[in-house]
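In: Sequence below, structure please.
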Amino acid sequence: MKILIGTKNNNKLEQFKRIFKALDDSFELVSLTDLGIADDVEEDREDLLENARKKAEYYGEKSGLPTLADDTGLFIDALHGEPGTHSKRWFSGTDRDRYMKVLERMESIPMEDRTCRYTGALAFYSPEDKRIWDYKQDLEGFISYTFKEGDGFGYDPIVIINNKYYSEYAGEEKAKINHRGLGVKELIKHLNS
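Out: Predicted coordinates for the structure are as follows:
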């Protein structure tokens, strides 16, 4: 089966490729670039699942292919849920600019109050029968006092999950705990049933 990965983020695309290859390499993944699709889908919904559904449906209809899309947000309790649903657009600049802004705003907050959660949502849309399958997951953690670069992207360098920087998780280890890995596992079960 051919599946379009509905993202313009190369980090997400590569993560999906590694996950599918590890779980079931019978799926052929194609990117928006492979199909010459340059359209952006505005993530204007107030819910991550709705944003993921919107992207999956749009790119699925445009390409005629079953499409998988996702959306992720970092919700920090001490910042009243910011950066939240619009994590990438919360503060302009690079990923580093955004996570440094979080560290600056949380400078005086003690560790016990630095709780956060990554919420991830996946949506799979079939243009053939117009059906959507979706998946949502929360991953609880803490915001660190400093950053640690690694395999991650986005806010990963400042998030600690299970006493380890999220940027230090890679490959299969990350796929065992994050929404992309767990969600794709459930999607494959759904597609094979």
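In: Not counting sequence-adjacent ones, nearest residue to the residue sitting nearest the centre point of the chain?
Out: For the chain, residue 72 is the residue whose C-alpha lies nearest the centre (CA atoms, centre = their mean; 4.1 Å). Take residue 72 and drop its neighbours on the chain: the residue closest to it by CB to CB, 6 or more residues apart in numbering is residue 120, 4.6 Å away. (Glycine included, C-beta is placed from N, CA and C.)
In: Next: residue 12.
Out: residue 70 (6.8 Å).
In: rewinding a little: so what does the helix or strand harbouring the residue nearest to residue 72 touch, helix or strand wise?
Out: Using DSSP states H and E, residue 120 sits within strand 115-126. In terms of contacts (3 or more CB pairs under 8 Å, 6 or more residues apart in numbering; DSSP states H and E), strand 115-126 is packed against helix 48-63, strand 67-76, strand 131-143, strand 159-161, helix 179-192.
In: So which residues make contact with whichever helix or strand comes after the fourth one?
Out: Secondary structure here is assigned by DSSP H and E; on that basis, the next helix or strand after strand 159-161 toward the C-terminus is strand 164-165. Residues external to strand 164-165 that are found in contact with it (CB atoms under 8 Å, 6 or more residues apart in numbering): 144, 148, 150, 152, 156-159.
In: looking only at pLDDT, what's the mean for stretch 9-29?
Out: Averaging pLDDT along stretch 9-29 yields 93.
In: can you check stretch 183-191 too?
Out: 95.
In: Pull out the buried positions in that stretch.
Out: With burial defined by 16 or more other CB atoms under 10 Å, the residues of stretch 183-191 counted as buried are 183-185, 187-188.
In: Would you mind pulling the contact partners of it?
Out: Stretch 183-191 has contacts (CB under 8 Å, 6+ apart) with 1, 16, 19-20, 23-24, 27, 68, 70, 120, 122, 124, 133, 135, 137, 175.
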